[in-house]
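# model the structure of this input:
(one chain, ligands or ions: 1)
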Amino acid sequence: MAKEAKAKVKAIDESSKTKTRRKFLGESGALAAASLTIPAAASAQTAAKKFAWDLVTAWPKDLPGYHSSLVRMTEQVSQMSEGRLTIKIRPGGELCKPFECFDFVSKGSAQMGNGVPYYWRSKSEAFQFFATIPFGFTSSETEAWIHHGGGRALATELYDSFGLVYFPAGGSGCQMGGWFNKEINSINDFKGLKIRYPAFAGDVLKKHGAIVTMVPAGEIYSALKSGQIDAAEWVGPWNDYALKLYESAKFYYWPSWHEPGTVNDIFVNKTAWNSLPKDLKAILTNAIQAMELDFNAELSARNNGYLSLLLNSHKVQLKRFSDETLTELAKTSKAIVEEAANKDPMTKKVFQSYTQFRYNVLSWGSVAEGGYMAARANIKI
Ligand code: CA
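The predicted model follows:
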């Protein structure tokens, strides 16, 4: 690096350190001043107050990763708060149906919920962007947009209009294209297929003649067994194995054009959130953020072993969608997402932010992770 450029970088670093230090000192100073004004009795009363919450989910009980990461998160909250905030997980169907948990929390019947933002698309198509978009971001790119690219402010605004506080709850990583009993050799093979496929991707398949339905995770197995559907996607090897989807279909398709990295959501009823003291808000916020990493890491750790198990012990056949099929799906996806963006002002605003960030990350992603993956695949030693 040239001497002049180095000096410039150093100056920027120093200025940012100073600002951060000033900000920190300013905030801690303000906090110290504020704490001095709280009467000791009131402070003790706040600290002693206990909160027992319900968390309704869109998943069946014990669903790998989805349920287990919530168990770890809620245990951490309980430990960090020394029992002042306890959260009971209520799997889909226990207090409300899986796809009803958003409304259930919005109206205050439970304090917290967990699902996938695209499950709430009937309220606004804008929700879909915080989950996944066909041919869109990977999980890490979505998390980058949410945490450092303007996505979170938009999600907060959107959930707030339903009386909810939004939290990203972890990305699944790249999913699988689904389970089929017939080969998909061209785009025409989707015609007449009864398939479980979510959100925008479901709309894309509809355009190509499929009969698309959306059943919750816990009902996919029975829908396949009964013939209500011919094909379905869920997540990836670990989760699909747990739902026994391999018993009803033998062709397991990739790549996941429809869900390249789906990020789940946690939403808290705003009145319940506002009732928490500051320290419990901080504990809950940080426990959920730890869960984002935990959820993604656990799925990544388990998928490889379960893919081997499916291929070797259950004679599942791995199949790839052809480039021609993927190109047709991509063209239709682009048209459908752009059309949806014009449905309401909020969706348009979110679409514009997502699209702008896409320009920012695409070249880095293909040079960095994409470039490395391609290089690693070509090395034979
Ligand atoms: Ca899925």
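
# now do the helix or strand where residue 167 lies: distance to the chain's middle.
Using DSSP states H and E, residue 167 maps to strand 164-171. How far strand 164-171 lies from its chain's middle: 8 Å, per C-alpha atoms, centre = their mean, to the nearest Å.

# again with stretch 106-119
Stretch 106-119 has its average C-alpha position 14 Å from the chain's average C-alpha position, going by C-alpha atoms, centre = their mean.

# do the same with stretch 121-137
10 Å.

# mean confidence for that stretch?
What stretch 121-137 shows for mean pLDDT is 97.

# and the end-to-end length of it?
With C-alpha to C-alpha, to the nearest Å as the measure, stretch 121-137 spans 18 Å from end to end.

# near the ion, which residues of the stretch 51-200 of the chain?
The interface of the stretch 51-200 of the chain toward the ion, taken as C-beta under 5 Å from the ion, is made up of residue 175. Where you see a C-beta, it was placed from the backbone N, CA and C, and this is true even at glycine.

# now do stretch 65-81: everything it contacts.
55, 57, 59-62, 85-89, 91, 114, 170, 217, 238-239, 264, 279-280, 283-284, 287-288, 290-291, 294-295, 298-299, 302 (C-beta atoms under 8 Å, 6 or more residues apart in numbering).

# whichever of those residues end up buried, select them in ChimeraX.
The following ChimeraX line selects those of those that are buried, judged by 16 or more other C-beta atoms under 10 Å:
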select :55,57,59,60,85,87,89,91,114,170,217,238,239,264,280,283,284,287,288,291,294,295,298,299,302
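
# can you flag which of the contacts of stretch 65-81 belong to helices?
Among these, the members falling in helices (DSSP state H) are 238-239, 279-280, 283-284, 287-288, 290-291, 294-295, 298-299, 302.

# out of those, which is nearest to residue 231?
residue 239 (16.6 Å; C-beta to C-beta).

# now the closest one: closest residue in space, sequence neighbours ignored.
residue 64 (5.8 Å; C-beta to C-beta, 6 or more residues apart in numbering).

# would you confirm that the one you found belongs to a helix?
No - using DSSP: H, G, I helix; E, B strand; the rest coil, the secondary structure at residue 64 is coil, not a helix.

# was I right about it contacting residue 237?
No - assessed by C-beta atoms under 8 Å, residue 64 is found out of contact with residue 237, at 10.4 Å.

# of the two, which one has the most company?
For residue 64 versus residue 237, neighbours defined as other C-beta atoms under 10 Å are more numerous around residue 237 (22 against 18).

# in this structure the more buried one contacts residue 310, no?
Yes - if you go by C-beta under 8 Å, residue 237 and residue 310 touch, sitting 5.8 Å apart.

# and the residue in the stretch 251-381 of the chain that the ion sits nearest to, its phi and psi?
Closest to the ion within the stretch 251-381 of the chain is residue 259: 4.8 Å, counting by C-beta to the ion. When read as degrees, to the nearest 10, the backbone of residue 259 gives phi -140, psi 80.

# neighbours around it, how many?
When neighbours are counted by other C-beta under 10 Å, residue 259 comes out with 29.

# retrieve the pLDDT associated with it.
97.

# residue 172 versus that one, what's the distance?
7 Å (C-beta to C-beta, to the nearest Å).

# likewise residue 102?
In terms of C-beta to C-beta, residue 102 sits 19 Å off from residue 172.

# before we move on, what about residue 117?
Using C-beta to C-beta, residue 117 is found at 13 Å from residue 172.

# quickly list what's touching both of these two.
Contacts common to residue 117 and residue 172, judged by C-beta under 8 Å, 6+ apart, are 263, 264.

# what are the pairing partners of the strand holding residue 167, and which direction each?
strand 263-269 (antiparallel) (DSSP bridges).

# return the partner strand as CSV; C-alpha atoms alone will do.
In CSV, the C-alpha atoms belonging to strand 263-269 read as follows (Å, rounded to 0.1, in the frame of the first residue of the first chain):
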residue,chain,number,x,y,z
VAL,A,263,-33.5,-16.7,7.6
ASN,A,264,-36.2,-17.4,10.2
ASP,A,265,-37.8,-14.8,12.5
ILE,A,266,-38.6,-14.4,16.1
PHE,A,267,-41.3,-11.8,17.0
VAL,A,268,-42.2,-10.4,20.3
ASN,A,269,-45.5,-8.7,21.2
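
# residues in contact with that strand?
55, 66, 102, 105-106, 108, 110-117, 130-132, 139, 142-143, 146, 155, 159, 163-172, 284, 288, 295.

# write out the residues of the stretch 201-350 of the chain neighbouring the ion.
Close to the ion, as judged by C-beta under 5 Å from the ion, the stretch 201-350 of the chain has residues residue 259.

# ok, which stretches of the stretch 201-350 of the chain are helices?
With helices called from DSSP state H, counting those that start in this stretch, the stretch 201-350 of the chain shows them at 220-226, 237-242, 270-275, 278-313, 323-341, 345-365.

# who touches the second one?
It refers to helix 237-242. Residues outside helix 237-242 that contact it (C-beta under 8 Å, 6+ apart) are 63-66, 176, 179, 217, 234, 246, 252, 299, 302-307, 309-310.

# swap in the third one?
For helix 270-275, the surrounding residues in contact (C-beta under 8 Å, 6+ apart) are 51, 53, 108, 111, 112, 160, 163, 164, 165, 281.

# ok, and the most crowded of these?
Within the contacts of helix 270-275, most neighbours by other C-beta under 10 Å means residue 112, with 28 neighbours.

# return the most buried member of the helices of the stretch 201-350 of the chain.
By mean neighbour count, with neighbours taken as mean count of other C-beta atoms under 10 Å, helix 237-242 ranks first of the helices of the stretch 201-350 of the chain at a mean of 22.
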